[in-house]
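**Student:** Quick one, fold the following:
(2 chains)
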There are 2 protein chains.
Amino acid sequence: MSQTQGEFDLIRRCFASGFPLGSDVLLGVGDDCSAVRPPAGYDLVQSIDTQVADVHFPHNAPAHLIAGRALRCAASDLAAMGAAPQGFHLALTLPDSNPAWLDQFAHGLRTTAHDLGLPLLGGDTTRGPLLIITISVQGWVPQGKMLTRHTAKAGDELWVSNTIGSAALALPDVLKNPASELGLAKAYYHPTIQFTLGQRLVGIASACMDISDGLLQDAGHIARASQLAIEINADQVPTPVSSDHPHWQTCLSGGDDYQLLFSAAPERHNDILALNSLAGVNCTCIGRLTAADAQQGAGVSVLKDGQPFSPQATGYQHF
Amino acid sequence: MSQTQGEFDLIRRCFASGFPLGSDVLLGVGDDCSAVRPPAGYDLVQSIDTQVADVHFPHNAPAHLIAGRALRCAASDLAAMGAAPQGFHLALTLPDSNPAWLDQFAHGLRTTAHDLGLPLLGGDTTRGPLLIITISVQGWVPQGKMLTRHTAKAGDELWVSNTIGSAALALPDVLKNPASELGLAKAYYHPTIQFTLGQRLVGIASACMDISDGLLQDAGHIARASQLAIEINADQVPTPVSSDHPHWQTCLSGGDDYQLLFSAAPERHNDILALNSLAGVNCTCIGRLTAADAQQGAGVSVLKDGQPFSPQATGYQHF
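**Tutor:** Residues are numbered from 1 along each chain as shown, chains lettered A, B, ... in the order given. Have a look, this model is predicted:
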C-alpha cells in the first residue's frame, strides 16, 4: 500500500545521519526508543531544556545558529554536574515543514553535536504555531560524584569560570541583526560549554551550577539549596566591561554565558587556579559562603568596593 | 537580597512532591540535572514525545486529563521496547502561570505517574503562546533484549493487543465535549499502557511497536524497518464496531489507543495466547509477514474477507 510518508521522510533525511556516534549507543533515531548501554561504575545525569521562538531566541535568526545555541544551552547542564556528555534527544515543534530551513537547522545541530561530542539518540517532530525546541541531554558521572547545588559549605569560596556578561551585552545587537555571529554575538550563539572544567571539578568543588538565568539569581539557587548566605564582590566578577560602564550591571544579572558557578573549600584555592592551565578556562574567586543567620538569611548579598550594593536586577524571570 | 522567584516557586510548589519515588533515583527535581543509578545488567531505553494544544489534544480539556494522557502516550514507547518504566522529565510551555490550572495539571500528572510507576525526575517550564507538553521517558530492559522494529522475520505472524479504534472513534465526542471522560472518551484520555505485556514479550516477539499513528501506518514502519511485506486481515482486527459500521475504517487508520503491534514466529503462537491470562491483555493474530519481492515491496497490504482491500486512509500525518 502506498503511503504519504511526509513527516517520516523529512525527519529521516535531515536527522538520520552525520551525527557523532557513541560507542555506548545500541539504537539511535528511528525506533520507539533509543537504547544505550550504561558503563559500569557511572551514574546517569539528565536534563531537559526548552527554547521558544522570540522568548529564548529571535525567530528570524539563521536556523543553524538557533540549533547550535539550543544544543549548547541544553548541554551546559551536564557540565554543571561534572558529567561526560553521552547523547541527546530532540523534540522539535515547527510551524511548517520547510525543507531548506530544516536542512540548515540540521546542519547547525550536526556541527554543534560534533563540537560537543553528543550523539543524537532520537526525537519527535510536531506541528505547532511557532518554533519550539526541547532538548534532553544526558551524560555519565562517576558513581556518587556528581556536582550538586545543595552541597556548598559555610566557609567555602565562590568561583566563576571565564567572563560573565558577554551574551547579555550582545542581546540588543542580536535582536537588531540576528544573522550576525561576530563580536559579542559569538558569546550568545556559541557559548563555550565547560565539559572539561566540570569534570575536573569533581572532587574539588563542593557545589556547582551553570549560569543561565544570571549570576546573581543563579547564585541564589546555590545559597538557598545549601541554606547558606553568599557574599559576592561585584568588582571581582570578570566582565567584558569595567564597573563604570553604563551596562556593567547587565553582566551581573544577564544569563546566557553558560559559565560555571561553583563553591570550594579555601584549601582547594590553588587546585582551582591550577585548572586555569586548561584550554579556555579561567576561574576567578568572586566571593564566599557563610552560615545563614537571622540577619543574613539564605540568599545573596553584593559588595562593590567593599560596600553593600543593590543591583538593579538579579536575573531572567521566566514568568 | 530579596528576589522575585515567580517561576521557581510555581514549579517547586506543583511538581516538587507527591510523585512516586524510585529506588534508583539519586537526585530528582531541583538541580541542573537529575541523577539515576543504572542497575547492572540492564540497558537504558528512552523516548521523547511532544503534544501541542489543539493538535494533539483540545486546549480546553480539563488540565488533569491533558496531563494524564500526555504522560501515558509518552510512556507507551517504553512498553513497545519491552522495558520496565524508570522515570520521566517534563518540559512544559505555558501561555501564562495560572496557579489553579497548574495545580490541576500537576494533580493529573501525579495520579498518572503513580498509575504507571514513573517518578518525575526533572523539568523545564517556559512561557509560550500556547500549551505544549514535551515528556521524555526512560526505562530499563535486560541487556540486549529490547524489542525493536527492524527484527521481524519472514514467516512471522502479526499480532495486536486488545482492541483498536476506540480512541479514534471517541475523537468527535472529545472535541465536542472535552470534559467528558466517560464511554469511548476513556480510551482517549486514559489509554492502557501495556508495560506488563511488553516485558513479557521479551524473548517471544521478534519485533514490536506501539500504535500511536494508526494500525496500518504503524504496521508500515515494522514492514519497512524489517524490509518485509505485511498482510493484514482487516476482518480479524479487534475493533469496537463491526466491519459493516460506517466508521469501522476509522479503527484501522486511527491512532491513540497505544496498543502493541508485534510479530512472532508461528511456533510462539500458543505462548502468546497464554499471555491473554494477564490482566487487561488480549492478543489477536491479525496477519503475517512475508519476504518483500518486486511485486510486493516492503509495506502493508490489507485483505477483507480474503479479498484485497484499499482502506480510505492509513494513519495520522503530522505534516
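**Student:** which SS class is residue A:179?
**Tutor:** Classification of residue A:179 by DSSP: H, G, I helix; E, B strand; the rest coil places it in coil.
**Student:** Number of residues surrounding the nearest residue to it once chain neighbours are set aside?
**Tutor:** Using Cβ to Cβ, 6 or more residues apart in numbering or on different chains and skipping the chain neighbours, the partner closest in space to residue A:179 is residue A:62 (5.5 Å). (Each C-beta comes from the backbone N, C-alpha and C, glycine too.) Burial of residue A:62 is recorded as 18 neighbouring residues (other Cβ atoms under 10 Å in any protein chain shown).
**Student:** if I've got this straight, residue A:148 is in a strand?
**Tutor:** No - under three-state DSSP, residue A:148 falls outside any strand and is assigned coil.
**Student:** how close does it get to residue B:31?
**Tutor:** Relative to residue B:31, residue A:148 is positioned 5 Å away (Cβ to Cβ, to the nearest Å).
**Student:** cool, residue A:264 as well?
**Tutor:** Distance, residue A:264 to residue B:31, by Cβ to Cβ: 18 Å.
**Student:** Any idea which residue is closest to the centre of chain A?
**Tutor:** Of all residues in chain A, the one closest to the mean position by Cα atoms, centre = their mean is residue A:76, 3.1 Å from it.
**Student:** what's that residue in contact with, if anything?
**Tutor:** Neighbour list for residue A:76: A:191, A:193, A:194, A:210, A:212, A:258 [criterion: Cβ atoms under 8 Å, 6 or more residues apart in numbering or on different chains].
**Student:** of these, list those near chain B.
**Tutor:** Checked against chain B using Cβ under 8 Å from any Cβ of the partner chain, the contacts of residue A:76 yield the following neighbours: residue A:210.
**Student:** Let's have the contacts of residue A:76 in JSON lines, adding pLDDT.
**Tutor:** Shown next, in JSON lines, are those (pLDDT from 0 to 100):
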{"residue": "A:191", "pLDDT": "94"}
{"residue": "A:193", "pLDDT": "96"}
{"residue": "A:194", "pLDDT": "97"}
{"residue": "A:210", "pLDDT": "97"}
{"residue": "A:212", "pLDDT": "92"}
{"residue": "A:258", "pLDDT": "96"}
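**Student:** would you list the contacts of residue A:76 in a markdown table and tack on distance to residue B:295?
**Tutor:** A markdown table is the format used below for the contacts of residue A:76 (distance: Cβ to Cβ, whole Å):
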| residue | distance to residue B:295 |
| --- | --- |
| A:191 | 55 |
| A:193 | 53 |
| A:194 | 58 |
| A:210 | 58 |
| A:212 | 57 |
| A:258 | 56 |
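**Student:** in which helix or strand would I find residue A:68?
**Tutor:** helix A:63-80 (DSSP states H and E).
**Student:** pLDDT averaged over that helix, what's the number?
**Tutor:** Taken as a whole, helix A:63-80 has an average pLDDT of 98.
**Student:** That one: what's the following helix or strand?
**Tutor:** Going down the chain from helix A:63-80, the next helix or strand is strand A:84-94, by DSSP H and E.
**Student:** quick one: buried residues of the next helix or strand after that next one?
**Tutor:** Downstream of strand A:84-94, the first helix or strand assigned by DSSP H and E is helix A:99-116. Within helix A:99-116, the residues that qualify as buried are A:101-102, A:104-110, A:112-113, A:115-116, counting by 16 or more other Cβ atoms under 10 Å in any protein chain shown.
**Student:** Strands along the stretch 101-250 of chain A, start to end?
**Tutor:** Remark: strands assigned in the stretch 101-250 of chain A by DSSP state E, counting those that start in this stretch are A:120-127, A:132-142, A:157-161, A:207-210, A:228-233.
**Student:** I'd like those strands as JSON lines, with mean neighbour count appended.
**Tutor:** Conversion of the strands of the stretch 101-250 of chain A to JSON lines gives the following (neighbours: other Cβ atoms under 10 Å in any protein chain shown):
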{"stretch": "strand A:120-127", "mean neighbour count": "23"}
{"stretch": "strand A:132-142", "mean neighbour count": "26"}
{"stretch": "strand A:157-161", "mean neighbour count": "25"}
{"stretch": "strand A:207-210", "mean neighbour count": "28"}
{"stretch": "strand A:228-233", "mean neighbour count": "22"}
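**Student:** Go ahead and confirm residue A:32 touches residue B:47.
**Tutor:** Yes - with contact defined as Cβ atoms under 8 Å, residue A:32 and residue B:47 form a contacting pair (6.1 Å).
**Student:** Now the common contact residues for those two.
**Tutor:** Common contacts of residue A:32 and residue B:47 (Cβ under 8 Å, 6+ apart): residue B:77.
**Student:** Now do the shared contacts for residue A:148 and residue B:31.
**Tutor:** Joint contacts of residue A:148 and residue B:31 (Cβ under 8 Å, 6+ apart) are A:81, A:225.
**Student:** So which bits of the stretch 51-200 of chain A are right by chain B?
**Tutor:** So the stretch 51-200 of chain A meets chain B at A:51-52, A:55-56, A:77-78, A:80-81, A:83, A:89-91, A:93, A:96-97, A:121-130, A:132, A:134, A:136, A:138-139, A:141, A:143-144, A:146, A:148-150 (Cβ under 8 Å from any Cβ).
**Student:** again, 7 Å this time
**Tutor:** A:52, A:55, A:77-78, A:80-81, A:89, A:91, A:93, A:97, A:121-130, A:132, A:134, A:136, A:146, A:148-149 (Cβ under 7 Å from any Cβ of the partner chain).
**Student:** ok so, going back, from residue A:139, how far off is the residue nearest to the centre of chain A?
**Tutor:** In this view, residue A:76 and residue A:139 are 11 Å apart by Cβ to Cβ.
**Student:** Tell me which of residue A:32 and residue B:47 has more neighbours.
**Tutor:** In this view residue A:32 and residue B:47 are compared by other Cβ under 10 Å, and residue B:47 has more residues nearby, 29 against 26.
**Student:** I'd guess that one is in a strand, am I close?
**Tutor:** Yes - assessed by three-state DSSP, residue B:47 belongs to a strand.
**Student:** give me every residue that touches it.
**Tutor:** When contacts are counted by Cβ atoms under 7 Å, 6 or more residues apart in numbering or on different chains, residue B:47 touches A:32, A:33, A:122, B:74, B:77, B:136, B:137.
**Student:** and if you look at residue A:221?
**Tutor:** By Cβ under 7 Å, 6+ apart, residue A:221 lies in contact with A:149, A:209.
**Student:** Ok, the one 3 residues further on next?
**Tutor:** Listed by Cβ under 7 Å, 6+ apart, the contact set of residue A:224 reads A:298, A:299.
**Student:** And it, what's its pLDDT?
**Tutor:** 95.
**Student:** re earlier: what's the angle from the helix holding residue A:68 to strand B:120-127?
**Tutor:** For helix A:63-80 against strand B:120-127, the angle by axes from the mean of the first three to the mean of the last three Cα atoms, to 10 degrees is 140 degrees.
**Student:** Could you quantify the relative orientation of helix A:63-80 and strand A:157-161 as an angle?
**Tutor:** 150 degrees.
**Student:** got the angle for helix A:63-80 vs strand A:84-94?
**Tutor:** Using the same axes, to 10 degrees: helix A:63-80 against strand A:84-94 is 140 degrees.
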